[in-house]
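> below are the sequence and a predicted model; questions follow.
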Number of protein chains: 2
Amino acid sequence: MPLIRSWVQSANAPDHPFPLNNLPCGVFSSSADEPRCGVAIGDFVLDVAALEEAGLLALPDGPLLDVPFWNDVMEAGPDVWSALRSRLTALLAEGAADRAAVEPCLVPLADVTLHMPFLVSEYTDFYAGRHHAFNVGTMFRGAENALPPNWLHIPIGYNGRASSVVVSGTEVRRPWGQLKGPNDDAPRFAPSARFDIELEMGAVVGTPSDGPVTVAEADAMIFGYVLLNDWSARDIQAWEYQPLGPFQAKATATTISPWIVMRAALEPFRTPTPPREVPLLPHLQEPGPMLYDIALEVSLTPEGGTETVISRTNYAEMYYSAAQQLAQHSTCGCPMNTGDLLGSGTISGPTKESRGSLLELSWGGKEPFAIAGGTRSFVEDNDTLTLRGRCKGDGYTIGFGDCTGRVIPALADPYKRT
Amino acid sequence: MPLIRSWVQSANAPDHPFPLNNLPCGVFSSSADEPRCGVAIGDFVLDVAALEEAGLLALPDGPLLDVPFWNDVMEAGPDVWSALRSRLTALLAEGAADRAAVEPCLVPLADVTLHMPFLVSEYTDFYAGRHHAFNVGTMFRGAENALPPNWLHIPIGYNGRASSVVVSGTEVRRPWGQLKGPNDDAPRFAPSARFDIELEMGAVVGTPSDGPVTVAEADAMIFGYVLLNDWSARDIQAWEYQPLGPFQAKATATTISPWIVMRAALEPFRTPTPPREVPLLPHLQEPGPMLYDIALEVSLTPEGGTETVISRTNYAEMYYSAAQQLAQHSTCGCPMNTGDLLGSGTISGPTKESRGSLLELSWGGKEPFAIAGGTRSFVEDNDTLTLRGRCKGDGYTIGFGDCTGRVIPALADPYKRT
């Protein structure tokens, strides 16, 4: 599919992240206004809540946009998602009859604050990147035992903490935690000294389920995708995670991009998962390509310093798709709900330059890597970490907006209220 | 504190679970009515929503009871919780002036259906019973390596799945899952053959927090306690849980008792955690007794058969209190919310008869135990499992209501909708 031209001229630039082909969903506020639903188009946010109120965007079973989150639309299902996209495309396409009525609903992106685009119901994080699992496994158990025995048979994951999911731009406070270094005699309570990021994609569940769903059904349930940074305190994780998995190490914050790119916008970029190393059981087999060709990068900017891109990889590196993960998540009958967020797991490529965490980039801190004006092993105070993703289409680009967060210093005393 | 006598005569019997000292919070419906908030008193539910509507129960910042869940009261904090208890005590005590106005708001317990008493925000399950951890660790790793190195230093836990929490009485469908027995060459997808229960208490978070909280602050945040059965598919768990912890094995269902017993009702039964085997770091030390002396039992009833009590233990067996668990949960800055549910971990005592799971009672299935008319290793189809808890006060008893669930057979084909 080629670029769909819009009367919003900035949306037609081939490198702009928000062409009419994208129409990502966010929540914005400007000046003293309350947060409301918007869709990005070129250099603007289209105030879709205002459009609906004005009767220009009538959705089945609406109103659905009179709340400051997209959950009502997400729950309404694929027919409503299509109706929304068709109608917005008609309103914004070059030569649209309603241009004069729509134009007052455009707000410059430069003037808005972006908020959480949806209410996170529950958050699950997977461990489904082959290279990441191999790298981390090698560091901890040696190359021969790198992959756990179940890894090639099921997308393994753990439940995370929905309350800690924040939108891009939110500062992240370096956490305290109980930790014990390999050379320590006893655990101690201290700020994390090995604070890290994980480059991931997040799948956002739209329609709910109650009972096991097939991979095809799971794919149809997914409303869209966000960039996701799963902040991780490696020293806390190392001490706490056996035998029940990561807990406080992962609960300080998980940052998502401000825009949910709907699945429909990603259709042209579908790509299959890599060849299976061992066959999957039928309940996890994919009926078609369920990953997406999304070029990803991570950059690090020290306070007052220059930005360095520290990793470049692609979502297509995952061994399991979000649809497979969602299907696995439902096997035991676990009810899945609108607003459930599924983190893909860290997306590392096969090369050193394509690793999706500082743990891997610095090989556990043993090989600090270069950034403009210095080196890094883990995240330092006041570093800003930014994830970016884009799909290159025929004359257009699909973007998610930056997924960014600055790490601020740990509290001097975590129990003293400021 | 002695029994507080009520004009509801059944509430004055020394063995009745719902005296005026208790006042547990539930949600009920009768005939075609919508579910509404109620408080158990003797053989009745007091329709507190109706009392509030009638102006007989004015709570600060009310109305708080005009919704079919207790979350609004829970969020309102300890002053409102006390105001509620004081006012209900005044209305229900022997000689109360308002008896005539209150009496029409009593509905016989025998005539009502009980629903989920609160909306579960997020659910976390701990592993904080010393005997359980030792038993399970011994089965899997031998007695010398039974306890993980972190176990005596932090209450370890994992995030569970809030969507799977159900109220007592809800049937539990035996799950399918991917599993691999010790003698299997490859994993297979099959119904769980080792379906189990875990006897636990659940702490219900009332007031929210944002940032680390002390153990004393955590204790004050807890609204009350429920009985909790953490249904567990041991064969799925064994295959999936390394290295990220339990996932689908624990997401079929978690059953809670229909009544939340408020912390105030449990005050007379406070008891300290057992002596520390190694000193805790200051952030986890308790300023006072934070466990409760709650006698617990598990019974099993086969279809059409006789009930057998298969375990008797006490909440005081836990190594860590819910307040310590909640404090640990917040260490990294994780926001805790109204409606968060914290499972204690399986409560096993030191003897064989006081083990809180079938896994332990049958020692991994190797030593089937006797029930009336047969034996059991794990739960069989159409078995009903019931947890009960009670505190014995001075002339009165505090109960939670039965926490019960019947296991129904697995679906013939989990992907065929019925």
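Great, that's in hand.
> give me phi/psi at the residue of the stretch 151-300 of chain A found nearest chain B?
Per CB to the nearest CB, the residue of the stretch 151-300 of chain A with the smallest distance to chain B is A:Gly245, at 2.6 Å. Any C-beta I mention is one placed from the backbone N, CA and C, and that applies to glycine too. Recorded main-chain torsions at A:Gly245 are phi 100, psi 180, according to degrees, to the nearest 10.
> residues contacting the closest residue in space to it that isn't next to it in sequence?
Taking CB to CB, 6 or more residues apart in numbering or on different chains as the measure, A:Gly245 lies nearest to B:Gly245, with 2.6 Å between them; neighbours along the chain are not counted. Contacts for B:Gly245 (CB atoms under 8 Å, 6 or more residues apart in numbering or on different chains) come out as A:Tyr158, A:Tyr241, A:Pro243, A:Leu244, A:Gly245, A:Pro246, B:Tyr158.
> just the strands in the stretch 151-300 of chain A please.
With strands called from DSSP state E, counting those that start in this stretch, the stretch 151-300 of chain A shows them at A:157-159, A:165-167, A:172-173, A:176-179, A:188-191, A:195-196, A:199-205, A:222-230, A:232-233, A:254-256, A:261-262, A:270-271, A:291-292, A:295-301.
> I'd like those strands as TSV, with mean neighbour count and distance to chain B appended.
Formatted as TSV, these follow (neighbours: other CB atoms under 10 Å in any protein chain shown; distance: least, CB to the nearest CB, whole Å):
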stretch	mean neighbour count	distance to chain B
strand A:157-159	26	4
strand A:165-167	22	10
strand A:172-173	20	6
strand A:176-179	25	5
strand A:188-191	16	5
strand A:195-196	26	10
strand A:199-205	28	11
strand A:222-230	27	13
strand A:232-233	27	7
strand A:254-256	28	11
strand A:261-262	28	24
strand A:270-271	16	23
strand A:291-292	25	21
strand A:295-301	21	22
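> average model confidence for stretch A:128-138?
Regarding stretch A:128-138, the rounded mean pLDDT is 94.
> scratch that, stretch A:82-102
The average of the pLDDT scores along stretch A:82-102 is 98.
> can you show me the CA trace of that stretch as CSV?
Presented in CSV, the C-alpha positions along stretch A:82-102 are these (Å, rounded to 0.1, in the frame of the first residue of the first chain):
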residue,chain,number,x,y,z
SER,A,82,-12.0,-0.5,11.2
ALA,A,83,-14.9,1.9,11.3
LEU,A,84,-12.7,4.4,13.2
ARG,A,85,-9.9,4.1,10.7
SER,A,86,-12.1,4.4,7.6
ARG,A,87,-13.9,7.4,8.9
LEU,A,88,-10.7,9.2,10.0
THR,A,89,-9.1,8.4,6.6
ALA,A,90,-12.1,9.9,4.8
LEU,A,91,-12.0,13.0,7.0
LEU,A,92,-8.2,13.6,6.6
ALA,A,93,-7.6,12.5,3.0
GLU,A,94,-6.6,15.0,0.4
GLY,A,95,-9.8,16.6,-1.0
ALA,A,96,-11.9,15.6,2.0
ALA,A,97,-15.3,17.4,1.9
ASP,A,98,-15.3,17.9,5.7
ARG,A,99,-11.8,19.6,5.9
ALA,A,100,-13.2,22.9,7.1
ALA,A,101,-15.0,21.2,10.0
VAL,A,102,-12.1,19.1,10.9
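> packing partners of the lowest-mean-pLDDT helix or strand in chain A?
Averaged element by element with mean pLDDT, DSSP states H and E, chain A has its least confident helix or strand at helix A:130-141 (a mean of 92). With contacts defined as 3 or more CB pairs under 8 Å, 6 or more residues apart in numbering or on different chains; DSSP states H and E, the secondary structure elements packing on helix A:130-141 are helix A:358-361.
> and the helix it packs on, does that touch chain B?
No. Interface with chain B: helix A:358-361 contributes nothing (CB under 8 Å from any CB of the partner chain), its closest point being 14.6 Å away.
> neighbouring contacts of that helix?
A:132, A:135-136, A:139, A:194, A:196-197, A:232, A:234, A:310-311, A:346, A:348, A:352, A:355, A:365, A:369, A:376-379.
> filter these down to the ones in helices?
Using DSSP state H, the subset of these located in helices is A:His132, A:Asn135, A:Val136, A:Met139, A:Arg234.
> any chance of CSV for those residues, columns neighbour count?
Listed next are the ones in helices among the contacts of helix A:358-361 as CSV, based on neighbours: other CB atoms under 10 Å in any protein chain shown:
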residue, neighbour count
A:His132, 28
A:Asn135, 24
A:Val136, 21
A:Met139, 16
A:Arg234, 21
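> tabulate those residues in a markdown table, adding columns for distance to B:Pro272.
Output for these, formatted as a markdown table (distance: CB to CB, whole Å):
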| residue | distance to B:Pro272 |
| --- | --- |
| A:His132 | 44 |
| A:Asn135 | 46 |
| A:Val136 | 41 |
| A:Met139 | 42 |
| A:Arg234 | 35 |
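> among these, which one sits closest to chain B?
Here the nearest of those to chain B, counting by CB to the nearest CB, is A:Val136; it sits at 9.4 Å.
> what sits against that closest one?
Taking CB under 8 Å, 6+ apart as the test, what A:Val136 contacts is A:Ala146, A:Leu359, A:Glu360.
> swap in A:Ile398?
A:Pro17, A:Pro19, A:Asn21, A:Asn22, A:Val261, A:Ala265, A:Leu266, A:Phe269, A:Arg390, A:Cys391.
> just the buried subset of the residues you listed, please.
Of the members of the contacts of A:Ile398, the ones counted as buried by neighbours, 16 or more other CB atoms under 10 Å in any protein chain shown, are A:Pro17, A:Pro19, A:Asn21, A:Asn22, A:Val261, A:Ala265, A:Leu266, A:Phe269, A:Cys391.
> so which of those residues comes closest to A:Leu296?
Of all the buried ones among the contacts of A:Ile398, A:Cys391 has the smallest distance to A:Leu296: 10.5 Å, by CB to CB.
> what angle sits between whichever strand or helix holds the closest one and strand A:222-230?
Element membership for A:Cys391, per DSSP states H and E: strand A:384-392. For strand A:384-392 against strand A:222-230, the angle between stretch directions is 150 degrees (axes from the mean of the first three to the mean of the last three CA atoms, to 10 degrees).
> nearest residue to A:Val213 other than its sequence neighbours?
When the adjacent residues along the chain are set aside, A:Val213 lies closest to A:Ser330, with 4.8 Å between them (CB to CB, 6+ apart).
> correct me, but that neighbour touches A:Val215?
No. A:Ser330 is beyond contact range of A:Val215, at 10.3 Å (criterion: CB atoms under 8 Å).
> where's A:Asp413 relative to B:Thr214, distance?
Per CB to CB, to the nearest Å, A:Asp413 is found 11 Å from B:Thr214.
> neighbour count for those two, which is higher?
Neighbours were counted for A:Asp413 and for B:Thr214 using other CB atoms under 10 Å in any protein chain shown; B:Thr214 has more, 18 against 10.
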